[in-house]
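Undergrad: sequence unknown, structure follows:
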Ligand code: MG
């Protein structure tokens, strides 16, 4: 009996190891080292004359709920709007291909939480469906807040580590300036050219014409799926911290 057990032991151990290996583990795709250097940023800018203004401080008339296309329910107050988490992600009514985007965001001064649970939102450069589908540039409080570096502020989430950490302190306004080149597909859905993104955060370049591997995923590897012109989306992340604010959003089609 004992002999049979020892003969079977390698098989038992192998199947235990396999069942562990097959469990989807978000931590498996987290990278923590080396950390981007901290750079101190300058001030932001105003819309150019040819920009399509997506938020001018008055209302969310350019935005809808991703879930059901109803008017966006996030809260406009004093020239800014605040994420209303329970109402889900919002996206632009208009669709875009290649563009330059300017957006300003603010982490609440009394932010709580750690890692990914501290002021998490996100800028999806092309919204390719409901939920978090698309290509996410991470928005997060990474001012003296550690997380996996391919998920920190200005990362292409779980694809591209930012070249620097240019975060201002919570309570201060921050700018994102983005140059987005959408991916191209043939009629059959094959990828002709991948998406590319340049991101400047508070005047500091974080992504330099970065080539994307596909749509953002939380678990597993990114992949491309054919799409055309798409809305720009903002994330109502489910973390427990205070919701963040946005202002002064404009886009120039290229
Ligand atoms: Mg996010």
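TA: Thanks, I have the structure now. The structure presented is a predicted model; accordingly, all values stated were derived computationally and were not measured.

Undergrad: before we move on, which element is the residue of the chain found nearest the ion in?
TA: The minimum distance from the chain to the ion, using C-beta to the ion, falls at residue 122 (3.3 Å). Backbone N, C-alpha and C define where each C-beta goes, glycine included. Counting by DSSP states H and E, the element that carries residue 122 is strand 121-127.

Undergrad: and the nearest residue to residue 112 once chain neighbours are set aside, what does it touch?
TA: Leaving aside its chain neighbours, residue 112 sits nearest to residue 241 (5.3 Å; criterion: C-beta to C-beta, 6 or more residues apart in numbering). By C-beta atoms under 8 Å, 6 or more residues apart in numbering, the residues touching residue 241 are 108, 111, 112, 113, 117, 118, 119, 120, 141.

Undergrad: Also residue 221?
TA: So residue 221 contacts 29, 213, 214 (C-beta under 8 Å, 6+ apart).

Undergrad: Do you know the pLDDT at it?
TA: For residue 221, the pLDDT comes out at 97.

Undergrad: partners of the strand holding residue 122 in the sheet?
TA: Taking DSSP bridges as the criterion, strand 121-127 forms sheet pairs with strand 134-139 (antiparallel), strand 233-234 (antiparallel).

Undergrad: and those strands as a markdown table, adding mean pLDDT?
TA: As requested, those are exported to a markdown table (pLDDT from 0 to 100):
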| stretch | mean pLDDT |
| --- | --- |
| strand 134-139 | 98 |
| strand 233-234 | 98 |
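
Undergrad: In this structure residue 233 contacts residue 88, no?
TA: No. Assessed by C-beta atoms under 8 Å, residue 233 is found out of contact with residue 88, at 10.4 Å.

Undergrad: any residues in contact with both of those two?
TA: residue 66.

Undergrad: higher neighbour count, the two?
TA: Just comparing residue 233 and residue 88: by other C-beta atoms under 10 Å the higher neighbour count belongs to residue 233, 26 against 19.

Undergrad: What's the separation between the more buried one and residue 114?
TA: Distance from residue 233 to residue 114, counting by C-beta to C-beta, to the nearest Å: 25 Å.

Undergrad: what does residue 234 give?
TA: For residue 234, the distance to residue 114 - C-beta to C-beta - is 23 Å.

Undergrad: count of neighbours near residue 34?
TA: By other C-beta under 10 Å, 8 other residues sit near residue 34.

Undergrad: pretty sure it is in a strand, no?
TA: No. Counting by DSSP: H, G, I helix; E, B strand; the rest coil, residue 34 is not found in a strand; it is coil.

Undergrad: Not counting residues beside it along the chain, what's closest to it?
TA: Leaving aside its sequence neighbours, residue 34 sits nearest to residue 149 (C-beta to C-beta, 6+ apart; 7.8 Å).

Undergrad: Next, give phi and psi for the one you found.
TA: phi -70, psi -20 (degrees, to the nearest 10).

Undergrad: near the ion, which residues of the stretch 151-254 of the chain show up?
TA: residue 235 (C-beta under 5 Å from the ion).

Undergrad: 6 Å instead, please
TA: 235, 237 (C-beta under 6 Å from the ion).
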